[in-house]
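Engineer: Provided below are the primary sequence and the corresponding predicted coordinates.
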Amino acid sequence: MRKILCLSTSNYYPFPTRKQNVMNRMTDCRVLYVDPPVTMIAPLKDPKAKERLTAYKDGPKQAQPNVKVYAQPPVLPFFNKKRAVNEANQKKLAKYLAKILRENEFGTDFWVWCYSPTSCDVIAPLAKEMGIDSSVLWKRTVYDCVDRHSAYPGHIDPKVVDEMEEDLARSCGCVFATAQGLYDRLKECNGNTHLIPNGCAFELFHTAASMEKEGVSPHFGFVGMLQECLDYDCIKAVAKDFPDGKVTLIGRTLPGVDMSWTQEYPNIEMAGLVPQPQLPERIKDFDLCLNVFADNELSRDVSPLKFYEYLATGKPVVSTLVPLQVLDYADCIYLAETPAEFVTRCREALAETPDSPKREARIEAARRNSWDEKVGEMKEILGW
C-alpha cells in the first residue's frame, strides 16, 4: 500500500476542499494529512486561531479509514516575506514530520503531496531526518497548485512567494495545476506539469436535481467562503432588483472581510457554514446559483469548487466572467460582465424551462468533472 504525507493549506475540518476530496479518494493509500500551520501572532487577527496554537498536542484524528489528520506546531510569522524565516520554520517542521512518519511506520518509501510554495524548504531537511537521499524524495514529491499564491493579500512578498514556488516546481517529480494560468506558468519550471481543474462530489450534489423546491421565489443562492476576491456588487444588485425575492449566502466569512453591508438588504440571508452533506437540501430551494468573482489576479486563476457542484444540481448558474475557467461552459450557463448585466442574466435564467437542453448539459459537465474522474486522472499520470 502506498503512503502519502499530505502537507495541506486547508484544515481537514470543517469543510472539504480539493485537498480533502483528493486524499479521501486515495483509498488504496495510507494518508497522513497535515493541517496548515498557524503563526504565533495569528490570534491577534483571528481570536479563534488561539485554539490552533496547541492543537498539535491533542494528537491525530482518524478522519477516514485511509486518512489520519495531524495539526502542526505554531510557526514564526512573515515566512512569506523572508525566505530565511520559512527555512527556519520548515527545518523545525521536518523534525515534527519525521516523528509522525516514524510513529506510523511509514519507512522511507512514502510520497510527499504538497499545496504550498513554502514546502520548497522542507524536502531536503525531511530527507535528512529520515535518512533518504534528497533527490529520491524530490522525485516522490507532488505539487498540487490550486491558487496563485503570490496574489493573496496579507503579510507576503509576491517575489519571495513566486521564487519559492518556482523552486518547488522545478525540483519535484510532478506538478498538477487547477487553472490554465497556473499551468502555463508552472509548465516552464517542470515539463511534467498537468492541468487538472477542480471537480465535485457529483453523486451528492446531483441529488438536489430531483428534490422538490420549497419557499420563496425567486430564490438566489451562493455557496462558498465569503472572501475579498468576490464581486459583492453583483450580489447587491440582485438583492436590490428583486426585493420580493431572497438571496442566501452560505459559507464562512473570512477574517478581515466586512459583510455588515448585508444588513441594508432585508432579503439577504446569511446562512453561515453548512456541512457538506446538508448542502443539497439547502440548494434544492434555489431557483438559480450565483458564481461571483471580482476580476483580479487571484480570482482569474481560481478553479471554483462550488461552480461544479452547482452544475451537478442542474440548476441555472449565473456567473461573472471570472474565473476564466467558467468560460468553457458558456453554452450552458449565463455570463455577465457588470452588476447590471448580472441582473439581466438572472432574469433570463429564471425564465429557463425545466426541459431546457442547458440543464442536461450542466449535469453532464459536472459528471465529467467528478472527483472520482479527477483522482483517477492523477493516478494514471503518476503511474499508480
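Structural biologist: Nice, thanks for sending it over.
Engineer: Surely T108 is in contact with M130?
Structural biologist: Yes: with contact defined as Cβ atoms under 8 Å, T108 reaches M130; the gap is 5.7 Å. From N, CA and C alone the C-beta is placed, and that goes for glycine too.
Engineer: Between these two, which is the more surrounded one?
Structural biologist: Using other Cβ atoms under 10 Å, the more surrounded residue of T108 and M130 is M130, with 17 against 14.
Engineer: List the residues that contact that one.
Structural biologist: With contacts defined as Cβ atoms under 8 Å, 6 or more residues apart in numbering, M130 is in contact with 98, 101, 108, 137.
Engineer: May I ask which helix or strand of the chain has the lowest mean pLDDT?
Structural biologist: helix 297-300 (a mean of 86; mean pLDDT, DSSP states H and E).
Engineer: What average pLDDT does the very next helix or strand once past that one get?
Structural biologist: Next helix or strand after helix 297-300 toward the C-terminus (DSSP states H and E): helix 305-313. Mean pLDDT, computed over helix 305-313, is 97.
Engineer: follow-up on the earlier one: now for the least confident helix or strand of the chain, which elements pack on it?
Structural biologist: Of the remaining helices and strands, none touches helix 297-300 by 3 or more Cβ pairs under 8 Å, 6 or more residues apart in numbering; DSSP states H and E.
Engineer: What distance do you get for the residue nearest to M40 when sequence neighbours are not counted to P323?
Structural biologist: In space, and not counting its chain neighbours, M40 is closest to P74: 5.1 Å by Cβ to Cβ, 6 or more residues apart in numbering. Per Cβ to Cβ, to the nearest Å, P74 is found 33 Å from P323.
Engineer: Next: R368.
Structural biologist: Using Cβ to Cβ, we find R368 at a distance of 18 Å from P323.
Engineer: More neighbours: those two, which one.
Structural biologist: Comparing R368 with P323 by other Cβ under 10 Å, the one with more neighbours is P323, at 25 against 13.
Engineer: What are the phi and psi values at that one?
Structural biologist: When read as degrees, to the nearest 10, the backbone of P323 gives phi -60, psi 160.
Engineer: residue contacts, the nearest residue to it once chain neighbours are set aside?
Structural biologist: Spatial nearest neighbour of P323, chain neighbours left out: V302 (4.3 Å); criterion: Cβ to Cβ, 6+ apart. Applying Cβ under 8 Å, 6+ apart, we find V302 in contact with 147, 178-179, 229, 293, 322-323, 325.
Engineer: mind listing the strands for the stretch 101-250 of the chain?
Structural biologist: 111-114, 141-145, 174-177, 193-195, 219-223, 246-250 (DSSP state E, counting those that start in this stretch).
Engineer: In a markdown table: those, plus mean pLDDT, distance to V318 and mean neighbour count.
Structural biologist: A markdown table is the format used below for the strands of the stretch 101-250 of the chain (pLDDT from 0 to 100; distance: least, Cβ to Cβ, whole Å; neighbours: other Cβ atoms under 10 Å):
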| stretch | mean pLDDT | distance to V318 | mean neighbour count |
| --- | --- | --- | --- |
| strand 111-114 | 98 | 35 | 24 |
| strand 141-145 | 98 | 28 | 23 |
| strand 174-177 | 98 | 27 | 24 |
| strand 193-195 | 98 | 26 | 18 |
| strand 219-223 | 98 | 8 | 23 |
| strand 246-250 | 98 | 12 | 22 |
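Engineer: nearest to A84, of these?
Structural biologist: Shortest distance between A84 and these, using Cβ to Cβ, is found for strand 111-114: 20.1 Å.
Engineer: Need the contact partners of the closest one.
Structural biologist: For strand 111-114, the surrounding residues in contact (Cβ under 8 Å, 6+ apart) are 2-7, 23, 119, 122-123, 126, 137, 140-144, 168, 172.
Engineer: try 6 Å this time
Structural biologist: Outside of strand 111-114, the residues that reach it under the criterion Cβ atoms under 6 Å, 6 or more residues apart in numbering are 4-7, 140-143.
Engineer: Kindly tell me how buried E360 is, as a neighbour count.
Structural biologist: E360: 12 neighbours (other Cβ under 10 Å).
Engineer: so which strand or helix has it?
Structural biologist: E360 belongs to helix 357-368 when assigned by DSSP H and E.
Engineer: Residues contacting the following helix or strand past that helix, please?
Structural biologist: Proceeding N to C from helix 357-368, the next assigned helix or strand is helix 371-382, under DSSP H and E. For helix 371-382, contacts defined as Cβ under 6 Å, 6+ apart pick out 21-22, 25, 194, 196, 199, 201.
Engineer: Name all residues that make contact with T320.
Structural biologist: 231, 292-293.
Engineer: What about those, which one has the most neighbours?
Structural biologist: That'd be F293 among the contacts of T320, by other Cβ under 10 Å, with 24 neighbours.
Engineer: Would you mind giving the secondary structure of it?
Structural biologist: Put simply, F293 is coil when judged by DSSP: H, G, I helix; E, B strand; the rest coil.
Engineer: mind listing what it touches?
Structural biologist: Contacts of F293 by Cβ under 6 Å, 6+ apart are 229, 231, 299, 320, 322-323.
Engineer: Swap in 7 Å and give it another go.
Structural biologist: F293 is in contact with 229-231, 299, 302, 320, 322-323, counting by Cβ atoms under 7 Å, 6 or more residues apart in numbering.
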